[in-house]
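# Sequence and predicted structure are below.
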Amino acid sequence: MGSPNKASATGGGDDSPSPSPSLRTSSLLRRVGSVRAHRNDLSERLGLLRMMNPSSARRRSKSNPQVASPPTTPRFFVQEPPSHRKGLPAWDRAFDAVYHSSSSSHTSNFSDTLTSFFEDHGRSRPSSGYFRLPDDIRQRICNLVLPVVDRPVRLNRIFFTRDVWREDDLASPTSALLPLAPYLQVSFAFRADILVAFLQSVTLHAVFSPFVGCRVNPLATTWLNRYGPYARSVAVEIDMSRLGCGPADSATCLLPDVEHIEDLVCEFVDSQLRRKESLPLQNLILLCRRFYGRRGPSLSRPNTGRSSGASSSSRGNSAEDIRFQSPEMYASMDELMKQMTEETVSSPFEMPMPSPLPQTEYCPDSYLLFCNYIVHLKGRINSLRMCGFDETYTTRFMATLFSDVSTGQAYRVAPSTIWPRLSGQKSCLDAGDGYTILDEHQVQSALNAPTALRPWEGCVQLPPPIPDEEGNPSLPPMVGDLQRLRTPYARTVTSLSERTCDQMLKETGGLRNGSDKNRFLRFMEKYGKKKKKKKQRTLTREASATM
């Protein structure tokens, strides 16, 4: 009696308990499958209807998401490589000089630099395990581990170098530094070996401009100031083609922000002063990126900031003439404004045309006086190459920085071979005969350069001059070949590129006489600046007349 009642209770009507879980799951799956099949059938019918008669088909609305839309074709955006600016004024590359000191008997090597690295960080060198090997053996091991970098390593983003450098001219920090990350995490001693070996084998390239800072370019500022004293070769490029020194006519309304660039240079020099004199910087390449000549006549008001008319350089005005001549003297701003105020109006409806303002330089030489701070590295630099500066300033700068002016090995590279010839740009070069010519970059010299000459073209330090049979210094063979690739003119024996530093000093009234202290004082008196406040500078009449 009990069992039938239980069976009837379990197998009753709607009020009976639910069936087993397996039966419930199977029925639910059947329902879902039927719904999907019905929806797919509707989608296919709607699709056929659209294909047969698109005008009568109901358009899909946002409130009808059930209708399947055709898949969209994915679009892949290919990032184009950054391009340089075109249509700019001519770059100033007229003077390119190389100087090699002959009195310095110290050269930085791996062992001494590694010892200095440990001392500066308050560590002692280990002498167990792997580090029992000699320093030269460990250096050879590190060179096998390091990536092959045959170009200067740029420490800035490509935005700061693309105007004058191609992407292949400088090695990216990613390709040069990123492969070292696993080795730098092994230990402090192994990190010191790898880092010092890397700094001794490459050239570091840093750009200082008004837009360079610790957050935007930490490698060119913080990292360079921390590890720059252990580097063997450094290239510093000062960008004076922005803000008030820019190419546009409206740039005269802006300040050049020289103070910020000066701070970057001073921080770099202060970090290099930590370098021992027994471990000097082997190569320093100092470049100035600026435009040649003066701006065209403008009818706008003069800028109220730092005046660029303080310099009376001999840069030319016309970029169309192949030979530039010194500009004529122009009236001062006070005289010009006085003439404008004294003019009377003949009719209340007719206003006189304003007189054009005097042509101002893109970047006067007075803006670059902060480079004098580099003279404090006297005795810590073995060789120097400068380009983009005035000839007189460059010659006196080298004579002040090096004490062996009379016996030093120096020559001038004309035309300059540092920067590449980018299409759509132009530059002013010295052809070697004393005249400045306009190069419109119609032919890429690097494309036609032999393989043996390509390592010597670009941001590199050239070798010292080679004495001939009579003992007179002459250009290295590869330098002469590079110059012939840059200019179609025939070279003479008395060309400016083959002048020695002694001859250049005689032409500019040199600084050979006197002690090093007197030479330094005379240089600072002639090109120095008197500062009472950090943001305020005044030029003496003598400095203004020489620039």
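Okay, I see it.

# Tell me where the model's unsure across the chain.
1-82, 103-105, 297-359, 404-408, 443-451, 486-547 (pLDDT under 70).

# Tell me where it has strands.
91-92, 96-100, 153-154, 203-208, 233-239, 283-289, 383-387, 409-412, 427-430, 436-439, 466-467, 473-474, 530-533, 536-538 (DSSP state E).

# would CSV of those strands with distance to Pro364 and mean neighbour count be doable?
Where you see a C-beta, it was placed from the backbone N, CA and C, and this is true even at glycine. Formatted as CSV, these follow (distance: least, CB to CB, whole Å; neighbours: other CB atoms under 10 Å):
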stretch, distance to Pro364, mean neighbour count
strand 91-92, 12, 26
strand 96-100, 20, 24
strand 153-154, 28, 24
strand 203-208, 18, 25
strand 233-239, 14, 24
strand 283-289, 12, 23
strand 383-387, 18, 23
strand 409-412, 23, 24
strand 427-430, 16, 24
strand 436-439, 17, 21
strand 466-467, 37, 12
strand 473-474, 33, 18
strand 530-533, 18, 8
strand 536-538, 12, 12
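
# Using a markdown table, please lay out those together with distance to Phe370.
Below are these laid out as a markdown table (distance: least, CB to CB, whole Å):
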| stretch | distance to Phe370 |
| --- | --- |
| strand 91-92 | 17 |
| strand 96-100 | 20 |
| strand 153-154 | 23 |
| strand 203-208 | 10 |
| strand 233-239 | 9 |
| strand 283-289 | 11 |
| strand 383-387 | 15 |
| strand 409-412 | 24 |
| strand 427-430 | 23 |
| strand 436-439 | 25 |
| strand 466-467 | 35 |
| strand 473-474 | 32 |
| strand 530-533 | 10 |
| strand 536-538 | 9 |
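
# Could you double-check that Thr436 lies in contact with Ala94?
Yes - in this structure, Thr436 is within contact of Ala94 by CB atoms under 8 Å, at 5.1 Å.

# OK, contacts around Leu155?
Pro173, Leu204, His205, Ala206, Val207, Asn217, Leu219, Ala220, Trp223, Leu224 (CB atoms under 8 Å, 6 or more residues apart in numbering).

# The nearest residue to His441 once chain neighbours are set aside: neighbour count?
In space, His441 comes closest to Arg421 once its chain neighbours are excluded; the distance is 3.9 Å by CB to CB, 6 or more residues apart in numbering. Arg421 has 18 neighbours, counted by other CB atoms under 10 Å.

# try Thr174
With other CB under 10 Å as criterion, Thr174 counts 8.

# Let me see the contact set for it.
So Thr174 contacts nothing (CB under 8 Å, 6+ apart).

# hmm, back to that, put together JSON lines for the contacts of Leu155, with distance to Gly244 on each row.
Output for the contacts of Leu155, formatted as JSON lines (distance: CB to CB, whole Å):
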{"residue": "Pro173", "distance to Gly244": "30"}
{"residue": "Leu204", "distance to Gly244": "28"}
{"residue": "His205", "distance to Gly244": "25"}
{"residue": "Ala206", "distance to Gly244": "22"}
{"residue": "Val207", "distance to Gly244": "18"}
{"residue": "Asn217", "distance to Gly244": "21"}
{"residue": "Leu219", "distance to Gly244": "27"}
{"residue": "Ala220", "distance to Gly244": "22"}
{"residue": "Trp223", "distance to Gly244": "29"}
{"residue": "Leu224", "distance to Gly244": "26"}
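
# wait, which of the strands of the chain is closest to Cys142?
strand 153-154 (16.3 Å; CB to CB).

# contact partners of that closest one?
Contacts for strand 153-154 (CB under 8 Å, 6+ apart): 161, 165, 170-173, 176-177, 202-205, 207.

# repeat that for 7 Å
Here strand 153-154 makes contact (CB atoms under 7 Å, 6 or more residues apart in numbering) with Thr161, Leu170, Ala171, Ser172, Pro173, Ala176, Val202, Thr203, Leu204, His205.

# Now for those: which two are most distant?
When these are compared pair by pair using CB to CB, the maximum separation belongs to Thr161 and Val202, at 16.0 Å.

# shared neighbours of Thr436 and Ala94, anything?
With CB under 7 Å, 6+ apart, Thr436 and Ala94 have common neighbours Cys428, Leu429, Asp430.

# Once you drop chain neighbours, what's closest to the last one?
Pointing back at Asp430 there. Ala414 (4.1 Å).

# swap in the second one?
For Leu429, ignoring the flanking residues on the chain, the nearest one in space by CB to CB, 6+ apart is Pro415 at 3.8 Å.

# Quick one: end-to-end distance for stretch 378-386.
16 Å (CA to CA, to the nearest Å).

# Could you list the residues in contact with it?
Contacts for stretch 378-386 (CB under 7 Å, 6+ apart): 97-101, 104, 272, 275, 277, 280-286, 394, 398, 401, 461-462.

# Could you rerun that using 6 Å?
Outside stretch 378-386, the residues that touch it by CB atoms under 6 Å, 6 or more residues apart in numbering are 97-101, 104, 275, 277, 280-286, 394, 401, 461.

# Stretch 210-227 now?
By CB under 6 Å, 6+ apart, stretch 210-227 touches Leu155, Asn156, Pro173, Ala206, Arg242, Leu243, Asp257, His260, Glu267, Ser271.

# before we move on, what about stretch 260-278?
106, 208, 210, 225, 228-229, 370, 373-374, 376-377, 379-380.

# What remains of those residues if I keep only buried residues?
Neighbour-count burial (16 or more other CB atoms under 10 Å) is assigned, among the contacts of stretch 260-278, to Phe208, Pro210, Asn225, Gly228, Pro229, Phe370, Ile374, Leu377, Gly379, Arg380.

# Determine which two of the residues you listed are furthest apart.
By the measure CB to CB, Pro210 and Gly379 form the most distant pair in these, at 31.1 Å.

# hmm, back to that, among the strands of the chain, which comes closest to Glu361?
strand 91-92 (9.9 Å).

# Packing partners of that closest one?
Using 3 or more CB pairs under 6 Å, 6 or more residues apart in numbering; DSSP states H and E as the contact test, no helix or strand touches strand 91-92.

# residues in contact with that strand?
For strand 91-92, using CB under 6 Å, 6+ apart, the contacting residues are Arg290, Tyr292, Gly388, Ser427.

# Pick out whichever of those residues sits closest to Val148.
Gly388 (30.0 Å).

# and the closest one, how far is that from Val149?
25 Å (CB to CB, to the nearest Å).
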